[in-house]
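In: could you work out the structure for the sequence below:
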Amino acid sequence: MSSTRSLWLDEALAEETDPPLALEGDTKADVCIVGGGFTGLWTVIAIKTLRPATDVVLLEADLCGSGASGRNGGFMLTWAAKFLTLVKMVGGQDARRIIEMGESSVPEVGRFCTEHGIDAHFRRDGWLWTASNPEQVGSWRSTQEALERYGLPLFQPLSPEEVQQRSGSRRQLAGTLLPNAATIHPARLARGLKRVAISKGVRIYEKSPMTKLVRGAAPQVVTPRGTVRPERVGLAMNAWSGLIPELAPLMVVVGSDIVATAPCPEILAKSELRNGIAISDSRLFTNYYRSTLDGRMVFGKGGGAFAFGRKLGNLYEGPSPFRDQVRQTMEWFYPELRQVPDAKSWSGPIDRTMTGLPLFGHLAGQPNIAYAFGYSGNGVGPSHLGGRILASLSLGLDDDYARLPLVDYKAERFPPEPFRYVGARVIRAALARKEAAEDAGRAPARLDVALAALMPGGLVPVKTKDGSQ
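Out: Next up, the predicted model:
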């Protein structure tokens with residue numbers, strides 16, 4: 001197996017025999033999509049569904065699914081937990097409409113996989129949003145109540161006993177269930193989407209990174225060995241969107257780190273983890289985990305390495321540098337897993353925005369160059385809707401998707417470097433100390449509480465006027 005990729009990618013790529021096709025020479029196209037992750041792949045499939053005659057080229061720097069799309073925990077969630085943020089951004093009625101559109105993505109992806117024979121291990125067993133220390137209890141309450149006020153009873157309250165039974169851990173003190181959520185094998189989904197896109201006539205070139213974007217009425221996308229001359233361009237680069245100067249200030253890239261154990265189905269069965277439920281707690285840099293079809297525990301933790309500046313380099317490649325911390329946290333939740341060895345660890349980049357929601361729009365003065373990025377750690381499900389939005393923007397359509405208030409939203413900017421990087425590290429350290437104190441039942445230091453409160457709004461739970469979350 002590869003020592004530099006995720007376990008998901010190792011497994012998915014082991015089933016393939018065809019070598020990647022790189023772009024050689026110059027070519028024309030109606031639309032060029034840059035980025036072969038979930039957003040880019042859903043975009044090109046949507047374009048060919050809307051307008052089958054469109055000549056579409058997709059460029060991927062490495063392999064389709066090799067970025068965050070093939071490294072995440074495989075949680076297919078919706079935007080339900082971000083409802084209060086959406087209300088602040090676009091108002092209640094538009095927020096409700098966006099939530100309803102996003103809620104349809106989970107079953108639609110399941111149907112798509114069945115229709116096209118994609119064995120992505122799709123299991124629609126819900127998402128458990130939990131509290132793993134007393135300070136987190138009720139973190140979901142204001143969101144759940146707001147959704148219900150708008151006629152969206154999406155969450156199912158659970159007793160503490162039910163939470164512990166479904167999660168298999170006595171560390172989980174309380175929680176609520178979002179039934180409309182799933183877990184998947186993310187790399188199998190990405191590689192399956194690539195296959196479907198090619199079958200629809202999309203020309204996909206891997207190992208073809210964009211080295212230059214020529215703007216203007218006749219844009220060009222330049223790669224090391226070729227150039228695409230399209231009429232319109234769609235940028236679906238996610239964490240690598242920082243390479244575009246005007247997009248870089250709108251995001252910060254932080255790592256999320258994962259450990260996958262060796263198969264241990266008997267141990268997981270004793271913990272009641274027999275299905276595909278997704279579980280995460282309410283801390284800022286969340287602990288998230290799920291079981292797999294072959295009986296592994298896949299356990300992740302946010303808040304890893306912060307990127308400095310616009311270039312990620314090899315920061316998120318290879319085994320996770322935070323493996324020991326992730327492993328220790330996993331064993332805190334599940335002491336019975338101490339005897340189970342790792343199969344692999346890895347990292348992935350998360351492109352976080354100020355709101356925690358993705359941004360869609362056009363580069364300034366370039367109605368023929370659209371973008372989508374910033375899923376902030378929740379892109380597996382929302383990228384389905386995001387791809388449909390980017391398809392409309394990339395085709396120049398004036399439809400319901402192109403007119404959503406998320407499009408061309410005037411987002412807040414992060415501070416410039418080096419203040420962004422230094423500040424992020426200081427605040428992360430304070431937050432870690434604060435949450436460690438809460439886990440131990442101690443009052444956190446006032447300075448740590450004050451510093452943690454400086455985290456941008458998209459990175460913290462939205463609080464109501466009475467101070468509850």
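In: quick one: the residue nearest to residue 368 when sequence neighbours are not counted and residue 81, what's the gap?
Out: Take residue 368 and drop its neighbours on the chain: the residue closest to it by CB to CB, 6 or more residues apart in numbering is residue 232, 4.7 Å away. The way it works is simple: take the backbone N, C-alpha and C, and place the C-beta from them, glycine included. Separation of residue 232 from residue 81 (CB to CB, to the nearest Å) stands at 33 Å.
In: try residue 185
Out: From residue 185 to residue 81 the distance is 23 Å (CB to CB).
In: go on, residue 207?
Out: From residue 207 across to residue 81, the span is 37 Å (CB to CB).
In: looking at these two, which has the bigger crowd around it?
Out: Ranked by neighbour count (other CB atoms under 10 Å), residue 207 and residue 81 place residue 81 first, with 25 against 17.
In: tell me the mean pLDDT over the lengthiest helix in the chain?
Out: Scanning the chain for the helix with the most residues, using DSSP state H, yields helix 419-439. Averaging pLDDT along helix 419-439 gives 86.
In: contacting residues around it?
Out: Outside helix 419-439, the residues that touch it by CB atoms under 8 Å, 6 or more residues apart in numbering are 132-136, 252, 254, 283-285, 303, 306-309, 414-415, 443-445, 447-449, 451-452, 454-455.
In: so where do the strands sit in the stretch 1-150 of the chain?
Out: Secondary structure of the stretch 1-150 of the chain, counting by DSSP state E, counting those that start in this stretch: strands at 25-34, 56-59, 75-76, 127-131.
In: out of those, which comes closest to residue 115?
Out: Smallest distance to residue 115 across the strands of the stretch 1-150 of the chain (CB to CB): 16.7 Å, for strand 75-76.
In: residue 246 is in contact with residue 373, correct?
Out: No. Using CB atoms under 8 Å, residue 373 makes no contact with residue 246, being 11.8 Å away.
In: the more surrounded of those two?
Out: Using other CB under 10 Å, the more surrounded residue of residue 373 and residue 246 is residue 373, with 27 against 11.
In: so where's the protein uncertain?
Out: 1-3, 456-469 (pLDDT under 70).
In: still on that earlier bit, same list (the strands of the stretch 1-150 of the chain) but as JSON lines, adding mean neighbour count and distance to residue 407.
Out: Output for the strands of the stretch 1-150 of the chain, formatted as JSON lines (neighbours: other CB atoms under 10 Å; distance: least, CB to CB, whole Å):
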{"stretch": "strand 25-34", "mean neighbour count": "20", "distance to residue 407": "17"}
{"stretch": "strand 56-59", "mean neighbour count": "26", "distance to residue 407": "21"}
{"stretch": "strand 75-76", "mean neighbour count": "28", "distance to residue 407": "23"}
{"stretch": "strand 127-131", "mean neighbour count": "26", "distance to residue 407": "27"}
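In: Serialize those to CSV and add fields for distance to residue 43.
Out: Output for those, formatted as CSV (distance: least, CB to CB, whole Å):
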stretch, distance to residue 43
strand 25-34, 5
strand 56-59, 8
strand 75-76, 18
strand 127-131, 25
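In: of all those strands, which lies closest to residue 269?
Out: With CB to CB as the criterion, residue 269 lies closest to strand 127-131 of the strands of the stretch 1-150 of the chain, at 17.7 Å.
In: which elements pack onto the closest one?
Out: Strand 127-131 sits against helix 160-167, strand 174-178, strand 278-281, with contacts defined as 3 or more CB pairs under 8 Å, 6 or more residues apart in numbering; DSSP states H and E.
In: so how far is the first residue of stretch 398-406 from its last?
Out: When the termini of stretch 398-406 are compared using CA to CA, to the nearest Å, they are 14 Å apart.
In: over to the spatially closest residue to residue 64 that is not a sequence neighbour: give its phi and psi.
Out: Distances taken as CB to CB, 6+ apart place residue 36 nearest to residue 64, at 3.6 Å, with adjacent residues excluded. When read as degrees, to the nearest 10, the backbone of residue 36 gives phi -110, psi 30.
In: what about residue 36, distance to residue 330?
Out: 31 Å.
In: of these two, which one has the most company?
Out: Remark: of residue 36 and residue 330, residue 36 carries more neighbours, 31 against 23, as counted by other CB under 10 Å.
In: which ones are touching residue 323?
Out: Counting by CB under 8 Å, 6+ apart, residue 323 makes contact with 257, 259, 342, 345.
In: got a winner among these for most neighbours?
Out: Top of these by neighbour count (other CB under 10 Å): residue 259, with 28 neighbours.
In: any chance you could map the strands in the stretch 151-300 of the chain?
Out: Going by DSSP E, counting those that start in this stretch, the stretch 151-300 of the chain shows strands at 156-157, 174-178, 182-183, 203-205, 212-214, 220-223, 226-235, 252-261, 278-281, 287-291, 297-306.
In: list the buried ones in the fifth one?
Out: Just to be clear, that refers to strand 212-214. Using 16 or more other CB atoms under 10 Å as the burial criterion, the residues of strand 212-214 that qualify are residue 213.
In: strand partners of it, parallel vs antiparallel please.
Out: Here strand 212-214 is paired, per DSSP bridges, with strand 220-223 (antiparallel).
In: list of residues touching the strand it pairs with?
Out: Here strand 220-223 has contacts from 22-23, 32, 34, 59, 205, 208-214, 227-230, 233, using CB under 8 Å, 6+ apart.
In: rerun at 6 Å
Out: Applying CB atoms under 6 Å, 6 or more residues apart in numbering, the contact partners of strand 220-223 are 23, 32, 208, 210, 211, 212, 214, 227, 228, 229.
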